[in-house]
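Asks: below is the sequence, then the predicted model.
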Amino acid sequence: MGQSVSQGARQMSEAFRTVLFLSLSGGLQDAYTYLGRGSVFANAQTGNIVFMGQSFFTGDWARFLHYLVPVLAFALGVAAAELIRVFCKENRRLHWRQLVLLVEIVLLFGVGFLPEAWNLAANALVSFACAMQVQAFRKVHGYPFASTMCIGNLRSGMDSLVTGLRLHDGSALRKSGHYFAVILLFALGAGVGAQCMAPFGLHTIWISCALLCISLCLMFRKETTRPGETN
């Protein structure tokens, strides 16, 4: 029974149904921290590093710390997910990716209780949770992707689109479609997050928890592995 759940989790972690809710959640997280937690990017840390560099040269150390903390938290989140993979990979009852999602849901749920005065801690927790998701979920139907940022997906999508059109390759065109769908879902999640900030305020992050719970439930369903997919 445990082995069946574990195998199903490995297969469903790459299924588009699972990725759908992960990408929606990723977009919502970025909108949440940027609009509600002091203009910080929880997912794509490039923007935070740009602001860090700017504040360093202006000597604004409070602002420098404001962006440094989520960057460091993101790095630690990647390390945490990797440690979970290493030490929990042989768990027969719960796949390590399911454990990552559980930890992410708990952390984000806690963020919803933090007041605005605790924005630094909130941004650190969201960045940490996001990094765990990035590290754990890196493929959709066997294709490398990111559920919480768009630049790599956009590059891969356009690369596959050009290849598909040039060579009349249907599989490459389908691959590009997957990437563009993920980008669209991320944007949709960001839009939903932005719209929900007014009525729900800092509790908006709980919507992300709900989306991740759906992904977690889907991972308990077994799906036939597609050719070329790996665990």
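Replies: That came through fine.
Asks: could you pull out the strands in this protein for me?
Replies: 139-140, 143-144 (DSSP state E).
Asks: average pLDDT across the first one?
Replies: Taken as a whole, strand 139-140 has a mean pLDDT of 70.
Asks: over to stretch 198-208?
Replies: 95.
Asks: how about that stretch as CSV, C-alpha atoms only?
Replies: Extracted in CSV, the C-alpha atoms of stretch 198-208 (Å, rounded to 0.1, in the frame of the first residue of the first chain):
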residue,chain,number,x,y,z
ALA,A,198,-8.4,44.1,-0.9
PRO,A,199,-11.0,41.8,0.6
PHE,A,200,-8.8,39.3,2.4
GLY,A,201,-5.6,41.3,3.2
LEU,A,202,-2.7,39.3,4.6
HIS,A,203,-4.9,36.2,4.9
THR,A,204,-4.8,36.0,1.0
ILE,A,205,-1.9,33.5,1.4
TRP,A,206,-4.3,30.9,2.6
ILE,A,207,-5.7,30.7,-0.9
SER,A,208,-2.2,29.5,-1.9
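Asks: in it, what's buried?
Replies: Neighbour counts over stretch 198-208 (16 or more other Cβ atoms under 10 Å) mark F200, L202, T204, I205, W206, I207, S208 as buried. All C-beta atoms are positioned from the backbone trio N, CA, C, and that covers glycine.
Asks: now those in CSV, with distance to A81?
Replies: Putting the buried residues of stretch 198-208 into CSV (distance: Cβ to Cβ, whole Å) gives the following:
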residue, distance to A81
F200, 28
L202, 25
T204, 24
I205, 19
W206, 22
I207, 22
S208, 17
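Asks: what's the single longest helix in the protein?
Replies: For the chain, the longest helix by residue count, based on DSSP state H, is helix 170-200.
Asks: buried set for that one?
Replies: By 16+ other Cβ under 10 Å, the buried positions in helix 170-200 come out as 172, 175-176, 178-183, 185-186, 189-190, 192-194, 196, 200.
Asks: any low-confidence regions in this structure?
Replies: The model of the chain has pLDDT under 70 over residues 1-14, 91-92, 140-144, 147-148, 221-231.
Asks: which parts of it are helices?
Replies: Under DSSP H, the chain gives helices at 2-12, 16-36, 46-58, 61-88, 96-111, 119-136, 151-167, 170-200, 205-218.
Asks: including distance to F145, could the ones you listed go into TSV?
Replies: TSV is the format used below for the helices of the chain (distance: least, Cβ to Cβ, whole Å):
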stretch	distance to F145
helix 2-12	15
helix 16-36	7
helix 46-58	18
helix 61-88	16
helix 96-111	15
helix 119-136	10
helix 151-167	6
helix 170-200	6
helix 205-218	14
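Asks: how about the nearest residue to K89, chain neighbours excluded?
Replies: W96 (5.4 Å; Cβ to Cβ, 6 or more residues apart in numbering).
Asks: what about that neighbour, distance to I84?
Replies: 5 Å (Cβ to Cβ, to the nearest Å).
Asks: neighbour count for those two, which is higher?
Replies: Neighbours were counted for W96 and for I84 using other Cβ atoms under 10 Å; W96 has more, 23 against 19.
Asks: just checking, that one touches Q135?
Replies: No. Between W96 and Q135 there is no contact under Cβ atoms under 8 Å: 10.7 Å.
Asks: measure P70 to A42 for me?
Replies: Distance, P70 to A42, by Cβ to Cβ: 7 Å.
Asks: neighbour count: the two, which is higher?
Replies: More neighbours surround A42 than the other of P70 and A42, with 33 against 30 (other Cβ under 10 Å).
Asks: F56: neighbour count?
Replies: Residues lying near F56 (other Cβ under 10 Å) number 14.
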